[in-house]
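*Asks:* What shape does this take:
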Amino acid sequence: MVVSEALWKKSAVVGGNVGGIPLQIVDGTTGVLAQNTEEFVENVSYFLTHKRKRQEIGERGRKFVREHFLVPRLVQEEIELYRELIHDGG
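*Replies:* The predicted model follows:
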């Protein structure tokens, strides 16, 4: 949840490639998945010194959260499911 919250705030996120983090970060697109401490430090340093890239990643991260994790998307999926069930049943 913390990763998605940071993405929603348009932060450039660097996370570990473990658990649910890879489900929230598309490596190189919405953030960066670091394999070890050295990669983590390298990527954080990069984002600190490259404002434009940091902003681009942040924008994509927010869009990804909007499309995959917010309630309106879940409601839309349920509506589509009901439409399919009605269509297939009729």
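
*Asks:* Verify the stated contact: V44 with V14.
*Replies:* Yes. Using C-beta atoms under 8 Å as the test, V44 is close enough to V14 to be in contact (5.3 Å). (Each C-beta comes from the backbone N, C-alpha and C, glycine too.)

*Asks:* out of these two, which sits in the busier spot?
*Replies:* Neighbour totals were compared for V44 and V14, and V14 leads with 21 against 15 (other C-beta atoms under 10 Å).

*Asks:* ok so L23 is a strand residue?
*Replies:* No. The assignment for L23 (DSSP: H, G, I helix; E, B strand; the rest coil) gives helix, which keeps it out of a strand.

*Asks:* Could you measure from it over to L48?
*Replies:* Remark: distance between L23 and L48 (C-beta to C-beta, to the nearest Å) = 26 Å.

*Asks:* now do L70
*Replies:* Taking C-beta to C-beta, one finds L70 at 29 Å from L48.

*Asks:* More neighbours: which of those two?
*Replies:* L70 (13 against 10).

*Asks:* if I pick the more buried one, what's in contact with it?
*Replies:* By C-beta atoms under 8 Å, 6 or more residues apart in numbering, the contact list for L70 is empty.

*Asks:* one more time with 10 Å, if that's ok
*Replies:* 4, 8, 76 (C-beta atoms under 10 Å, 6 or more residues apart in numbering).

*Asks:* State the distance from it to E84.
*Replies:* 22 Å.

*Asks:* P72 too?
*Replies:* Where E84 is concerned, P72 sits at a distance of 19 Å (C-beta to C-beta).

*Asks:* What ranges does the chain have for its helices?
*Replies:* 2-8, 21-24, 37-49, 51-68, 71-89 (DSSP state H).

*Asks:* closest one to G31 among these?
*Replies:* helix 51-68 (5.9 Å; C-beta to C-beta).
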